[in-house]
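> Pasting the sequence and the predicted coordinates here, then a few questions.
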Amino acid sequence: QRAKLLKEAAKVVVDYRPVMSQIIDDYLFRCPSLHFADLSESQNIYVYRFSQPTHIPGYKECWGKSCHTAELPYVFEAMDVIRSNYSTLSNLAQTEHPKPPEYPFTDAMENLARNITTSPSPEVPSFGDVIKKFFGNYFSDDADLELAHDMAERWANFAKTGDPNYEGGIKWNPWKFSQTEKEDPVVYTQENGWGYED
């Protein structure tokens, strides 16, 4: 009996690729960029981190993450490309959605979620209906459009004036100011409204 349990326990495979990806990302991109910003004598350096969950066709390991160069369609406001390929809401992305890891009670949790989010009674709204009533389409393609517009405005304004700020946008401070005031770099993510990292 014990041997059988040990054999079953040995089947659990831990995937360290996400951890390694984060380490490599920090080593190759984040740390050198922040180090360069710190060493620069210029007071006109702006730093951001793109964290919008995206999908890159053919790269399942990038599903729901922001892999290198994933922000480029957003910078150019290429909504057709974003909606067909890069948005995690696209039909293509949904077909490539990775299967979540199986843990003990996975089936029980799926059944519970299914029973919570769907209701056979017309008087009791589903969880999805409640979310849609309060937030509208905020968690759909509109978030991609809002982000793409903001990024295109900032990159264009930075190219023209050296300052990514534009009228109506959240104000970004230069990196040197951010460091003296102990602010975190700006993070592009749907959850925090394209503002500062929490």
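Yep, that arrived.
> Next, count neighbours for His97.
By other Cβ atoms under 10 Å, 12 other residues sit near His97. Glycine gets a C-beta too; all of them are placed from N, C-alpha and C.
> right, and it touches Trp63 too?
Yes. Using Cβ atoms under 8 Å, His97 is in contact with Trp63, at 6.2 Å.
> overlap in contacts of the two?
Listed as contacting both His97 and Trp63 by Cβ atoms under 8 Å, 6 or more residues apart in numbering are Thr88.
> how about the helices in this structure?
Secondary structure of the chain (DSSP state H): helices located at 2-10, 17-25, 31-39, 72-75, 79-81, 91-95, 106-117, 127-135, 141-161, 175-180.
> Of these, which stretch is the most buried?
helix 72-75 (a mean of 19; mean count of other Cβ atoms under 10 Å).
> What distance do you get for Glu96 to Met20?
Distance of Glu96 to Met20, computed by Cβ to Cβ, to the nearest Å: 21 Å.
> What of Gly64?
The gap separating Gly64 from Met20 is 17 Å, by Cβ to Cβ.
> re earlier: output the helices of the chain in TSV; the columns should cover distance to Gly168 and mean pLDDT.
Below are the helices of the chain laid out as TSV (distance: least, Cβ to Cβ, whole Å; pLDDT from 0 to 100):
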stretch	distance to Gly168	mean pLDDT
helix 2-10	56	71
helix 17-25	32	85
helix 31-39	26	91
helix 72-75	18	94
helix 79-81	19	92
helix 91-95	30	83
helix 106-117	36	62
helix 127-135	22	66
helix 141-161	8	91
helix 175-180	21	70
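> Present these as JSON lines; the columns should include distance to Ile56.
Shown next, in JSON lines, are those (distance: least, Cβ to Cβ, whole Å):
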{"stretch": "helix 2-10", "distance to Ile56": "33"}
{"stretch": "helix 17-25", "distance to Ile56": "13"}
{"stretch": "helix 31-39", "distance to Ile56": "21"}
{"stretch": "helix 72-75", "distance to Ile56": "10"}
{"stretch": "helix 79-81", "distance to Ile56": "11"}
{"stretch": "helix 91-95", "distance to Ile56": "9"}
{"stretch": "helix 106-117", "distance to Ile56": "27"}
{"stretch": "helix 127-135", "distance to Ile56": "26"}
{"stretch": "helix 141-161", "distance to Ile56": "14"}
{"stretch": "helix 175-180", "distance to Ile56": "28"}
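> And those: which comes nearest Tyr48?
Distance to Tyr48, taken as Cβ to Cβ, is lowest for helix 141-161 among the helices of the chain, at 8.3 Å.
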